[in-house]
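Trainee: After the sequence you'll find the predicted model.
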Amino acid sequence: MNTYCTALKPEKSRLLGEHLHIVKIIAYQVAGGLPQHIDVNDLISAGMIGLLESVERFDSSRGVQFNTYASIRVRGAIMDELRSLDWMTRSMRDKSNRLEKAYGAIEKKTGRPAGEEEVAELMGITTEEFNALLSEVRSLNVLNLEDMGLKNFDEGMDILECIKDPNGCDPMSAMKTTELKRSVAEAIASLPEKEKLIISLYYYEELTLKEIGKVLDITESRVCQLHTQTMLRLKSRLSVYADA
């Protein structure tokens, strides 16, 4: 890393050095929802590649702060690494899809956020079984373009990146991104207040689930459940893009 730094221009070297810490923060944040056999060091290595790419590609004229841009790139690189590992079983995906469809069915019928008891009842399981199911699929709760079937976007770009930087997509994708941005904003606005706060603290303030728990005065486990529910809600509401 030091060898690479010396090859960079002073300004880029400074950016790299000042933001090395965000790689570890995001890697551990993501690892918190993954099975124990996933090595966080592999995620950190992937995140470093994302940070290096951020330094090389950052354009301050676009009006985006480097910290924001780099965080998105680092998270995207880590998610790319996870997808390449192909660690998610068909069973896990099926269970996540069942939950997503249950949330979607209830919210389409009622026009409001679905409650935990409602989802459990629709799925024919107890509340305890529902909570266990949320815990089992929490590692799938990162919303990304690949999960939604948006294959026309540049490889390795996730939802947040395209929203922040629509110019990074081709013209046709940029048009789709405009509509996607509006839909994501509407979907987030309709979330329960606590879930909106969790989204803000996790993705934009980059707090860990444990730190969010302290802010909200609830357990880390409960934060994890709420975060998983939130991602399932959003994926259900945005699933229309999977067929676009």
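Mentor: Nice, thanks for sending it over.
Trainee: how many other residues sit next to residue 236?
Mentor: 22 (other C-beta atoms under 10 Å). In this view, the C-beta of every residue, glycine as well, is placed from N, C-alpha and C.
Trainee: which residues touch it?
Mentor: 100, 101, 103, 104, 107 (C-beta atoms under 8 Å, 6 or more residues apart in numbering).
Trainee: And residue 233, by the same measure?
Mentor: 103, 107, 113, 114, 187, 191, 195.
Trainee: Mind checking which of those residues are in helices?
Mentor: Applying DSSP state H to the contacts of residue 233, the entries found in helices are 103, 107, 187, 195.
Trainee: Surely the second one is in contact with residue 119?
Mentor: No. With contact defined as C-beta atoms under 8 Å, residue 107 does not reach residue 119; the gap is 9.8 Å.
Trainee: domain parsing for the protein?
Mentor: 1-87, 89-244 (automatic domain parsing).
Trainee: among these, which gets the worst mean confidence?
Mentor: For those, the weakest mean pLDDT is recorded on domain 89-244, namely a mean of 74.
Trainee: how about the helices in the protein?
Mentor: Taking DSSP H as the criterion, the chain carries its helices at 2-7, 10-18, 20-31, 40-57, 66-85, 90-110, 116-123, 127-137, 159-164, 171-189, 193-199, 209-216, 220-237.
Trainee: hmm, back to that, and residue 107 and residue 119? which has more neighbours close in?
Mentor: The neighbour count for residue 107 versus residue 119, taken as other C-beta under 10 Å, is higher for residue 119 (23 against 18).
Trainee: do you know how far that one is from residue 220?
Mentor: Noted for residue 119: a distance of 22 Å to residue 220, by C-beta to C-beta, to the nearest Å.
Trainee: Kindly report the same for residue 42.
Mentor: For residue 42, the distance to residue 220 equals 23 Å [C-beta to C-beta].
Trainee: same check, this time on residue 30
Mentor: The value you get for residue 30 to residue 220, if C-beta to C-beta is used, is 15 Å.
Trainee: of the two, who's got more company?
Mentor: Per other C-beta under 10 Å, whichever of residue 30 and residue 220 has more neighbours is residue 30, with 22 against 15.
Trainee: what sits against that one?
Mentor: 43, 75, 78, 79, 82, 142.
Trainee: Could you pull up the contacting residues of the closest residue to residue 194 other than its chain neighbours?
Mentor: By the measure of C-beta to C-beta, 6 or more residues apart in numbering, the closest residue to residue 194 outside its immediate chain neighbours is residue 226, 6.5 Å from it. By C-beta under 8 Å, 6+ apart, the contact set of residue 226 is 194, 195, 198.
Trainee: Compute the number of surrounding residues for residue 60.
Mentor: 10.
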